[in-house]
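**Student:** Quick one, structure for this:
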Amino acid sequence: MSSDDGREAAPEGAEQLALIRETVRKAKGPRARPRTWRGAALAEELPVARVLVDKGLLHLDRLFDYAVPAAMDAEARPGVRVRVRFGAGEREGRREGGGLINGYVVERRADSDFPGTLAPLAQVLSPEPVLGAQLLDLCQAVADRYAGALADVVQLALPPRMARAEKKPSPEPLPPPSAPEAGSWARYANGPGLLTALAGGGAPRAVWTALPGPDWPDELARALAAALAAGRGALAVLPDGRAAARVDEALTALVGRGRHVLLTADAGPEARYRRWLAVSRGAVRGVVGTRAAAFAPVRDLGLAAIWDDADTSHADDRAPQPHAREILALRAAREHTGLLVGGHACSVEAARYVESGWAQPVAAPRETVRAAAPLVRTVGDSEQARDAAARAARLPTLAWQVAREGLRAGPVLVQVPRRGYAPRLACARCRAPARCARCAGPLVGEGRREALVCGWCATREHAWRCPECGGTRLRAQVVGARRTAEELGRAFPSVPVRTSGRDHVLARVPDAPALVVSTPGAEPVAEGGYAAALLLDGWALLNRPDLRAGEEALRRWLTAAALVRGSAAGGVAAVVADPAQRPVQALVRWDPAGFAGTELAERAELGFPPVSRMAAVWGPGEAVTAFVGDAGLPPSTEVLGPVPVPVPESPGGRGAAGGGPAPGESWERVLLRVPPGHGAALAAALKAAQASRMARRTGPPLRIRIDPPDIG
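**Tutor:** As a prediction, the model looks like this:
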C-alpha cells in the first residue's frame, strides 16, 4: 500500500523526502511488476490498482496503490467496490496487518511510484462498477469547491450496496418517447422555445419563474420528456418526497413507465439501490428524486433541473455539505447539459445566473401572472395596534374576515412560522433591521445602543442611528409563534381543523370547507386549490438575524399563496406583515424575479454572496485565530470576526478533527470573504490547512463550511 508520493512520512521534510524518492525512481526506471508481500500471484496486465479508501479524512484525501492478485484480475475493474488493508504498521519494510476498510478502484496501472512493497487487494466486494470516471470527476469537483474530502462526497453520491439488488438484471432500455406538446408552457414567453431546444438535443440554461397554480409538476415533466425525446438523459431534483412524487406521476403520464425512476428515501434501501443501478447500467435515462439524486449517473445527460432551489432541504447536512443547485451547475458546465432552475420564487443565485448571462429567464407576461395569482391583502403593524381582535387573539380582523369568506367556497390554508427563531434588534419606529455600519451584519445586544455588537465582525456600535428613518430607539423582536389551531377551532366550531407539520405532514386535503394549519414547507395540496390563505406573523420571518431573511420570507409566502386559486376565481391571500417591507411589496405584485434582482444588486454593493464567496470557520477561540493566521489565505481575503457562537453538541462530518467539544469550552466563529474569482483559492487554502492540521494531530476540532447558508 502507498500514497501517490510514497509511504507516509512526517510533515517535516516531506518535500525533501519526495524529491529523493523521485530521483531514485528515475534512476532505477519503472518496474515492470511491483512486489507484494505474502507472495500473491499478480495479474499479468496492469497489476497495480489505485484505490480511493473510504476514510473521509482530509489528510488521507489521495489515492493509494495496491497490488492486484491474479485471482481478482477480471473483477477488479475501475469503479468497483473493494476491501483493502489500511493503517498497517511497518515490519522489515513491509506493510502488514492493519484493519480492513472499503474502497473503490479508480485506475489500473502497469507500475507504481511507491518504492516499497505493495499490499494486495483483500477482496472485491462486487464486480459492479458503481464509481464511473464521469461520476468520480464530478465528486472531485464538488470536494474541491467545498473544501472537503473526496471520500465524503463519494459517500453522498453512492447509495449503500444491497447485494440482492445487484444480482437482479435491469430491464432493457426503451426507445425514446415522442416529443411532448408545449401544453401550459405556452403561457410563458420562452416556454415553447425551451422545449424545442431540449427536444432537438440542445443544452439551454434557463431560470424559470413558475406561475402559481397546480401546473408546475406537469410543466417540469414536459421539460424532462423533451430531453428524453432527444435520446438523452433527464434529471430533476426536488426538495422533498411529496414534490418528487408529483413530478414522478406527471412524467409517468407523459412517457409511460420504464423510462425513468424515482429516487427518494421513501422507496427503501433495496428498491432505491435497484433503481439507481438501472440508471448506472443505462437501462433508464430519466431520474426524479431528492438532493442525493443530483449525483445520479445518468448517461448522456441532456437536462438537469432543480425545483425551489432556495429550499434549505437542497443543502446536505453531511460533510462537506454541498448544495444540489451547485452540483447541477457543475454538471451543466462539465457535461455540457441543459440546466433548468425553477420555482415560484427566484433565488438570488438564480438571479445571478440571469444577470451574468449564463442562463436565460423564462417567465410569463404580467397579465398572465395577475390572472393566475390570488389577490394579496396586507395587515401592517399600525393596523394591528388598533385592532382589538389582533391584540386578544394574535389574528387581525381582516384575517378573520378572509378566513370566514374563504370557508364558504372551500378550504383555507393558515401558514404559521416555525418555532425557535433567535431574538434580534430592529428600529422601534420603522422596524428596519439594525445592521453594522462596517459589514452590514446583524447587531445584537440588550436593546441599548451603547451595548450593541455586530454578530459577524464583532465591531461595537456606540451611536446607532437607523439609516431608514433616523430613529435611535431599538426594540427586541422575539420570534416564535404559538400554534393557532386551537384558537381557530374555537372561532369556527363547526369547521374541521387539520394540521400539517413536523412529524405529521399531509400530502393532500379535499375540496371542502376546512382550516388547514401548516408550518412553512408542509403545506398540503388542496384539490381545486385553496379558497384563501392566511400568512401569519410575517415579522417572525422578516426579522430573523439572517442575510436571507427577506428572500426566505418571500419564498415561503409565494409557495403557500401559489396553492390558492387565482384572483379570477376569487382566491385571496392575507399576509400579516408591514406593507412597507420590500418582500411584502414583491408578494403583492407577485414579482419574485424583480425582488431577487434588487437583492442581488444590494449584495453586490455590500460584497455579500453570491457576488462574493464566503467560508465559516468555527471552534475554540484560540484555535480559530491560529488556524486563520496560518492558513495561507489569498491576499484578497477579508476576515470578519471572531464572534462568540454556541458550542455544538458533536462535531460535524467524518472529516472533523479530534473529538467533541470539551466541557465548559467556548467557541467562536470567523467569516472569510473573498471577491469573485477567488473562491477556488480560498477553498483550496482552507482544505490544505485543515489537512495539515489533522495530519499533525494538534489542536481541538474545527469546523469549516463553504458558503454557509445562515451567516446571520
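**Student:** A strand includes Val643, no?
**Tutor:** Yes - looking at Val643 with DSSP: H, G, I helix; E, B strand; the rest coil, it is inside a strand.
**Student:** for the closest residue to it other than its chain neighbours, what are its contacts?
**Tutor:** Setting aside the residues directly before and after it, Val643 is nearest to Ala458 in space (Cβ to Cβ, 6 or more residues apart in numbering), at 4.7 Å. C-beta here means a position set from N, CA and C on the backbone, and glycine is covered the same way. Taking Cβ atoms under 8 Å, 6 or more residues apart in numbering, we find Ala458 in contact with 641-643.
**Student:** right, and out of those, which lies closest to Thr472?
**Tutor:** The nearest member of those to Thr472, counting by Cβ to Cβ, is Val643 at 24.0 Å.
**Student:** tally of neighbours for that closest one?
**Tutor:** Per other Cβ atoms under 10 Å, the neighbour tally for Val643 reads 20.
**Student:** who does it bridge with?
**Tutor:** Under DSSP bridges, the beta-bridge partners of Val643 are Arg669.
**Student:** How about Val575?
**Tutor:** Assigned bridge partners for Val575, using DSSP bridges, are Thr378, Leu535.
**Student:** any idea how far Ala234 is from it?
**Tutor:** 36 Å (Cβ to Cβ, to the nearest Å).
**Student:** And those two? Which one has more around it.
**Tutor:** Ala234 (31 against 28).
**Student:** Check whether the more buried one really touches Gly286, as I assumed.
**Tutor:** Yes - distance between Ala234 and Gly286: 4.9 Å, which falls inside the contact criterion (Cβ atoms under 8 Å).
**Student:** okay, and the common contacts of these two?
**Tutor:** Residues touching both Ala234 and Gly286 (Cβ under 8 Å, 6+ apart): 224, 228, 260, 298.
**Student:** So which of those belong to helices?
**Tutor:** Those of those mapping onto helices are 224, 228, per DSSP state H.
**Student:** closest to His344 among the shared contacts of Ala234 and Gly286?
**Tutor:** Nearest to His344 out of those is Leu224 (Cβ to Cβ; 18.8 Å).
**Student:** The closest one and Gln123, how far apart?
**Tutor:** The value you get for Leu224 to Gln123, if Cβ to Cβ is used, is 39 Å.
**Student:** Who has more neighbours out of these two?
**Tutor:** Between Leu224 and Gln123, Leu224 has the larger neighbour count (other Cβ under 10 Å), namely 30 against 14.
**Student:** Now the more buried one: closest residue in space, sequence neighbours ignored.
**Tutor:** Ala234 (4.0 Å).
**Student:** Also Cys430?
**Tutor:** Using Cβ to Cβ, 6+ apart, the nearest residue to Cys430 is Cys469, at 4.4 Å.
**Student:** Please apply the same query to Glu552.
**Tutor:** Nearest one to Glu552, counting by Cβ to Cβ, 6+ apart, is Leu541 at 6.7 Å.
**Student:** Name the helix or strand for that neighbour, please.
**Tutor:** For Leu541, the element it lies in under DSSP states H and E is helix 538-542.
**Student:** helices and strands around that helix, which ones?
**Tutor:** With contacts taken as 3 or more Cβ pairs under 8 Å, 6 or more residues apart in numbering; DSSP states H and E, helix 538-542 sits against helix 549-561.
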